[in-house]
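Participant: fold the stuff below for me.
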Amino acid sequence: MILVYIGLLFWAFICLFPLYWTVTTSVKPREAVIQGPKFAPYLDFQPDNKGWYPLLFEDGQRSQFLKHFRNTAVVSVVAALGATVLGSLAAYGLARFPYRFGPYDNNQISSFFLSQLILPPAAIAMPILLMFIDLGLKDTREGLILIYTVMNLPIVIWIMRDQFRSIPLELEQAAQVDGASLWGSFTRIVLPIAGPGLVAAYILAVVLCWNEYFIALVLASTDAVTLPFLIAGQVSSQGIRWWTMAALTTAAIAPLAVIGIVLERHIVRGLTAGAVK
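Facilitator: Next up, the predicted model:
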């Protein structure tokens, strides 16, 4: 048992060290970031506000960050909500009703949805760009919301399908015997029980939308730019502004970290639903 805890602590250190590195880099002076002291470079440094000062006190930098943050928040929240709603309906159908499309049944259809995650974004970037230009959706929040909703449907469908399959069908049948419709039993019985799965799917979709960079780089240029775009913009011909990049990264991941800590119980319950019956 002691070895298990030691292994878990070691794995926690590996997972959390990049976060510690990012946070400390955001408060390091330029010399400490580029050269670093000879001993304990991750501990031995004098804190400096070089990375945070433009973000907090310069109007141009602060307004630019707030614009990117607002775009990221709106796009992530709305796209994740759309993916959760549509994905939950599709997952419920796959969990409760038999389908047959030629030689494909429910399992093959579910696998088809999951296989869409294998497709690299670069393979669809050009067709999507041309289509969005024709539709007038390039460099708009609506365009990013639409594409992010579609991109996150497969993972939501898989999480919610297992969630719905873990709920006894007899509960819905009992509600329908009492006079509830199919939609009524779904909204009043199934969805409340599947609440942890909905939360887990929604939070995971938010994180995936929040961190997505390539599609945002292709479809956004001025009005709909997101935080990953701003962070990557700290690379210039004069070098990489590591301190500013670290400060922006810390500010970008802070909301997700708070949400993860607050909703940790629901996320774990949702992701493990259906694993043990």
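Participant: drop to CA atoms for contacts and neighbour counts, all remaining ones
Facilitator: OK.
Participant: what about the strands in this protein?
Facilitator: Assigned by DSSP state E, the chain shows strands spanning 235-236, 239-240.
Participant: and those strands as JSON lines, adding mean pLDDT?
Facilitator: Rendered in JSON lines, the data for the strands of the chain read as follows (pLDDT from 0 to 100):
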{"stretch": "strand 235-236", "mean pLDDT": "73"}
{"stretch": "strand 239-240", "mean pLDDT": "76"}
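Participant: what's the closest of the ones you listed to residue 158?
Facilitator: When these are ranked by distance to residue 158, counting by Cα to Cα, first place goes to strand 235-236 at 37.4 Å.
Participant: thinking again about what came up before, turn the strands of the chain into CSV, including distance to residue 221 and mean neighbour count.
Facilitator: Formatted as CSV, those follow (distance: least, Cα to Cα, whole Å; neighbours: other Cα atoms under 10 Å):
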stretch, distance to residue 221, mean neighbour count
strand 235-236, 17, 11
strand 239-240, 21, 11
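Participant: who are the contact partners of residue 95?
Facilitator: For residue 95, the contacting residues are 161, 162, 164, 165, taking Cα atoms under 8 Å, 6 or more residues apart in numbering as the criterion.
Participant: any idea how far the third one is from residue 192?
Facilitator: It refers to residue 164. As judged by Cα to Cα, to the nearest Å, residue 164 and residue 192 stand 11 Å apart.
Participant: and if you look at residue 250?
Facilitator: With distances defined as Cα to Cα, the gap from residue 250 to residue 192 amounts to 35 Å.
Participant: the two: which has the busier surroundings?
Facilitator: Ranked by neighbour count (other Cα atoms under 10 Å), residue 250 and residue 192 place residue 250 first, with 19 against 12.
Participant: what's the spacing between the closest residue to the more buried one other than its chain neighbours and residue 16?
Facilitator: Of all residues beyond its chain neighbours, the one nearest residue 250 is residue 23 (6.1 Å), with distances taken as Cα to Cα, 6 or more residues apart in numbering. With the distance defined as Cα to Cα, residue 23 ends up 11 Å from residue 16.
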